[in-house]
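Asks: Sequence plus predicted model, see below.
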Amino acid sequence: MSSSDEVLLSYVGRIVPRSFQHGLVVASYIVSCVGAVLTLELLHRRTSRHGLANHLLLVSAAVAMGGISIWCMHFTGNRAIILANNELELRIDYSSGFSALSFFAPVIVLLGTFVAIGASYKISWLRICCGGVLAGTSICGMHYLGNLSIEDYDCEYNAVYVTGAAIIAIFDSIVALSLFFVFRASWRNTWWKRAISAFMLAGGVTGMHWVAAVGTQYRLKHLNEGDEISRNQDLKVAITLSAAAAIFIIGTIVYEAWLTRGTSNKAQQIVLGVAVFDKSGRILVSPDGLLPNEKITDTYVEKTQGDDFSISHPLFHWMFQVSRNWNSVNGMIDSMTNHLAHLPKCNRQRKIRLITDDGQPIENYDAIFRELFCVAAASLADKLKEQLNDVGILWDDILSTGANQLPQKLDRSVVDCTLEEGTHGQLRGRGEIGVLRQHEYGRGSLMFLVRHIEHAHDVNRLEAAGFRFAEIHQVCGIIGSRMQIKTRDLKGKLANMAAFAEGGNVMRPGVHLGFFGVKARVGSFGFDVIVKKGTRNLLPTMPVPIERLEPWQMDIIRHLDRINVRIIFQLLDELKKLSPREVLFASQMYDALQALRAWIDDPIVDDAVMTSKVVQVPCQARVGSSSAKFCTMISLCIMVPIHVSASSPRCEFVPLNFFKIHQMAYKDSPQLAAFARYVHRELSPIGNSAPIQPPRATCQQAGRAIFSSNRLNILRRLGKSNNSICDVMENNYWEQTQSTRRSSSQESNPAGSTKKLYNQDPPYRERLGTSDAMPDKTAVIYQPHSLASLGGIMVSQEIQVDISQIDDSGRKVSIPSKAVTSTDRVTMVKAGAGFNFEMDVLPGGLVVAEREKVHEVITFVDELFAVCVDGL
């Protein structure tokens, strides 16, 4: 035995002197920081107690804290302990069983800790304190359980150091978790604040470890006879886990930077977002405080100068109506996606090319733009894990986003690709650089689908999908800055969205006195109308406390026709000297007129004149009624001069055509059904024009196909050719598709009325044609029973029409029926809204509506506008 062996053996049963390697001490803190940062990042992403993704985040956070920040730090730090002169025989050796137990024990405790703290944004100090105590206990427990795995030493502890280490672990855990959850609850939980919380949490872990290590003495039981490889197993595991965590953090940083850049790019595009509000007025956001959004297209291609995309644009009107009836496009989303996939792409970025080489929009540009909107809405529904019907309705405003300036230098490739993506420019020739207008570059448009949810299970489902509900005032700053929204009052805009989503901004039943003021739009074509600020579907009105207008009351209104407000007050004063009922009505009208003038608070009211044209306006349905209702409005009309600016603080101007769309797109509106048929006729031929990708049969599908009804045909063709069974099935798919299309218009309709139409009167069948030959017509048979669906043809249910009118005296007069001829043009009016049809007489008294003119619907807006234009 050598002298060195004798020296080593002399330490057996004695306390071995120790020292610390400073480099590994610092490394242990870094390892703990990596685990703590990953832990808080995962907890930040957790949004609910429910959902598979949230469960995975919970378990991952527990593993990151217990397995990396504590366990890996412990074994990395223990390598910094130098016993004697750091001889191999005196190094610490660990038991594999206890080492594994010390890994899983803190993970399980921390799993319970994070479950106890919860995922709610509401701060519970009791939960945080209990969680901090449990976290500190897990840190201490892991340390001493890890020391139990030492096989060649007995550890002796100093009670003072043990107590101090426990206090450090618990106190730092409580402080770090408190900071983290307070920052998160106030939506000020930026990455550097999470980093501060993580550094404090790692400080508690390492502080506890080294205080306890200083108070620990190691009594040697026997020399370490294991090899170097076995002694480094725990260290290798710790290094591997720490490196994996570091790589994950770096990947998260890169991903966040990529998302931030994508958000900045979207600020210069036309984007569709979704704003979901709960019954408390909170808004749905991502864990980073952003609203879910999806790009529609890079920019809108202006076909003429001044063709700006705004709320007065017909495309926005189409989107506004279709969002009220998603069923009209729900079945066409797949065909739209397929059609968009087959459109020409930009060579550089593989984006849809919306402008030709000569600077003109591509064919069917408007229909493609509508398809892009519908596909974007479907993508948002997928993000929310909702059905398209539940994604929301389009808000009645567009927010501007992005920068509004033109850089001094533009890269040629950037300009060319931008033009290919749809930025309108003036091209002198193919390949030349387009001239971009300054207001277009860097300016985006942001539209919102809004939805109001009442039930708690809807809130839980959305939170389980990875989103949170936050107070508007907490996240409006994040939304505005990250999404680059150019508005001075984003908080007010979001509050307006919440009120709009509730759908309570409708008139009440009864009689109202309204103000209809229109003004020619300066600088462009069209007119604007004065509405209540924040409720673009309502005119300034005041209720008159009567349920309906009687004939004698209509006589009084006719006497006030074409008289301005100043004189009306005088005439109403004179009416107070007549009979009691006239006195009462005059007083009611006087009070309503005075209240309306005071509410508008603008001098232009005195120049308005009353019209005897009493109109029907959509209003709130009565309790227990699901059908749309209408109220009566007595109107004050004025054509506001263009040099006069309305100064009312409670009113604003909106485009007159969009105001009319509002009156057609209310809940349960009969126009929505007609619009759905119009959408189907417009988009179905375009969506179906793209080639259909037949499904490739797998071996399992091919096996089932052999035993189908056409298995003999497939086998016969397979034997005669060298093609694979997948190719044979593909050809068979095309045959079945064509056969189905040929037979759909002939055999798929079980309704006897339709068969009777085509069988009894062949000339009419020849004139109307099949479904494939009449893209602009929809044959609808009105019979006293429901019609079944034709193959590929949209049909309607029975429509019962009560055609009546109110004469000048207010009496309801029925229109006598007459024989309808093929040249008659009938307007079916129901409560002030109408549809125009071209009617034809068929044998047997059947009437078919050949062409439905959805764009010629007459509303009270048209009636009052005609009064302003013709009579004022």
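Replies: Yep, it's here. Just so we're clear, the structure is a prediction, and the values are computed from it rather than from any experiment. Numbers count the residues shown, from 1 in each chain.
Asks: CA atoms for contacts and neighbours, from now on please.
Replies: Will do.
Asks: ok, residue 352 - contacts?
Replies: Applying CA atoms under 8 Å, 6 or more residues apart in numbering to residue 352 gives the contacts 340, 343, 344, 345, 346, 421.
Asks: quick one, phi psi at it?
Replies: Main-chain torsions, residue 352, degrees, to the nearest 10: phi -70, psi 130.
Asks: got it, and residue 150?
Replies: Backbone torsions of residue 150, given as degrees, to the nearest 10, read phi -70, psi 120.
Asks: Quick one: low-confidence residue ranges for the stretch 551-700 of the chain.
Replies: 576, 622-628, 692-700 (pLDDT under 70).
Asks: show me where it has strands.
Replies: 563-564, 609-619, 629-640, 651-655 (DSSP state E, counting those that start in this stretch).
Asks: partner strands of the first one, parallel or antiparallel?
Replies: Neighbouring strands of strand 563-564 in its sheet, by DSSP bridges, are strand 609-619 (antiparallel).
Asks: what's the angle between the strand it pairs with and strand 629-640?
Replies: Counting by axes from the mean of the first three to the mean of the last three CA atoms, to 10 degrees, strand 609-619 lies at 140 degrees to strand 629-640.
Asks: So for strand 609-619, what gets flagged as buried?
Replies: When neighbours are counted by 16 or more other CA atoms under 10 Å, the buried residues of strand 609-619 are found to be 609, 610, 611, 612, 613, 614, 615, 616, 617, 618, 619.
Asks: now, which of the residues you listed sits nearest residue 171?
Replies: residue 619 (61.0 Å; CA to CA).
Asks: which is the next helix or strand following the helix or strand hosting residue 530?
Replies: In this structure, residue 530 is located in strand 527-532 according to DSSP states H and E. On the C-terminal side of strand 527-532, the nearest following helix or strand under DSSP H and E is strand 541-544.
Asks: Describe which strands that following strand pairs with in its sheet and in which direction.
Replies: Sheet pairing for strand 541-544, using DSSP bridges, gives strand 511-520 (antiparallel).
Asks: Determine how far the strand it pairs with lies from the middle of the whole chain.
Replies: Shown here is strand 511-520, whose average C-alpha point lies 34 Å from the average C-alpha point of the whole chain (CA atoms, centre = their mean, to the nearest Å).
Asks: List the contacts of it.
Replies: Contacts of strand 511-520 from elsewhere in the structure, counted by CA under 8 Å, 6+ apart, are 526-530, 539-549, 592-593, 596, 605, 608, 631-642, 656, 864-865, 868.
Asks: Please list only the buried members of those.
Replies: Looking at those with 16+ other CA under 10 Å, the buried ones turn out to be 527-530, 539-544, 549, 592-593, 596, 605, 608, 631-640, 656, 864-865, 868.
Asks: Now do the buried residues in the longest helix anywhere in the chain.
Replies: Using DSSP state H, we find that the single longest helix of the chain is helix 233-266. Of the residues in helix 233-266, 234-235, 238-239, 241-242, 245-246, 249, 263-266 count as buried by neighbour count, 16+ other CA under 10 Å.
Asks: Please apply the same query to stretch 480-500.
Replies: When burial is assessed from 16+ other CA under 10 Å, stretch 480-500 yields the following buried residues: 480, 482-486, 490-491, 493-495, 497-500.
Asks: in this structure, which helix or strand is least confident?
Replies: strand 825-830 (a mean of 29; mean pLDDT, DSSP states H and E).
Asks: returning to that earlier point: which of the buried residues of strand 609-619 sits closest to residue 375?
Replies: Minimum separation from residue 375 among the buried residues of strand 609-619 (CA to CA) is found for residue 618, which lies at 31.0 Å.
Asks: Leaving out sequence neighbours, find the closest residue to that closest one.
Replies: residue 630 (4.4 Å; CA to CA, 6 or more residues apart in numbering).
Asks: tally of neighbours for that neighbour?
Replies: 21 (other CA atoms under 10 Å).
Asks: Test my guess that it contacts residue 615.
Replies: No. Judged on CA atoms under 8 Å, residue 630 makes no contact with residue 615 at a distance of 9.5 Å.
Asks: Need the three-state assignment for residue 311.
Replies: Reducing the assignment at residue 311 to three states with DSSP: H, G, I helix; E, B strand; the rest coil gives coil.
Asks: I'd like the distance between it and residue 270.
Replies: 13 Å (CA to CA, to the nearest Å).
Asks: which of those two has more neighbours?
Replies: Taking neighbours as other CA under 10 Å, residue 311 and residue 270 compare with residue 270 leading, 23 against 18.
Asks: so what's that one scoring on pLDDT?
Replies: At residue 270 the predicted local confidence, pLDDT, stands at 92.
Asks: which non-adjacent residue is nearest the residue sitting nearest the centre point of the chain?
Replies: Closest residue to the average C-alpha location of the chain: residue 274 at 2.6 Å, with CA atoms, centre = their mean. Spatial nearest neighbour of residue 274, excluding adjacent residues (CA to CA, 6+ apart): residue 449 at 4.6 Å.
Asks: Next: residue 325.
Replies: Using CA to CA, 6+ apart, the nearest residue to residue 325 is residue 672, at 6.8 Å.
Asks: Now do the one you found: how many residues are near it, please.
Replies: Residues within reach of residue 672, counting by other CA under 10 Å, total 20.
Asks: can you give me the offset of the regular element (helix or strand) spanning residue 174 from its chain's centre?
Replies: Secondary-structure assignment from DSSP H and E places residue 174 in helix 159-185. On the basis of CA atoms, centre = their mean, helix 159-185 is displaced by 40 Å from the centre of the chain it belongs to.
Asks: If anything else comes up later, I'll come back, but that's it for now.
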